[in-house]
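Undergrad: Sharing a sequence plus its predicted fold:
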Amino acid sequence: MLLLSIIIISILVSIDYFSKSYLKSILLDGPMSINDFLTFQLIKNKGIAFSILNSDSMLINILLLIIILAITYFIASHFYRNINNMIMMEKLSFILIISGAIGNLLDRFIYGYVIDFIFISYKSFYFPAIFNVADIYITIGAVILIILLFKKDESYNKI
């Protein structure tokens, strides 16, 4: 299962990387509206979620990189140590989170920032963040984990 997980993570990271590379090349002239809800707009995010700690400070960016590397390492090592004891949905959640983390870390190493490009809005409503495919992986993986934790808590309460 570990080899299959590594293959899936590699595929997901590749999808994220190529989506960013492609959109980075076509968005040089500005945003591209797909429909009333979706616009692709190139944003260079040096911060973390919702551009928190977005800074040109080399010190802050190095500290963020070290923290993100440490968190990614912790999550990946937990997954590696416990993969045989996890149910399939738990494995999927970790695969998604690790893939998203690696995808965004690649950006930080290659460009010094994360490429965000998905902007969702409708009339005067704007989603509070511009994000990318890796962010979608992380979000879906985290939601699955949270649901599994709540289901596990419910099963303990029934005993």
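TA: Alright, I've got the coordinates.
Undergrad: What are the boundaries of the helices in the chain?
TA: For the chain, the helices defined by DSSP state H occupy 2-26, 58-82, 88-110, 133-157.
Undergrad: Of those, which stretch is the most buried?
TA: Ranked by mean neighbour count, the helices of the chain are led by helix 88-110 with a mean of 20 (mean count of other Cβ atoms under 10 Å). Just so you know, the C-beta spots here come from the backbone N, C-alpha and C atoms, and that holds for glycine as well.
Undergrad: Do I have it right that Y80 meets I9?
TA: No: Y80 is beyond contact range of I9, at 11.5 Å (criterion: Cβ atoms under 8 Å).
Undergrad: Out of the helices of the chain, the one nearest I34 is which?
TA: helix 2-26 (11.3 Å; Cβ to Cβ).
Undergrad: counting contacts, what elements does that closest one pack onto?
TA: strand 38-45, helix 88-110, strand 114-122, helix 133-157 (3 or more Cβ pairs under 8 Å, 6 or more residues apart in numbering; DSSP states H and E).
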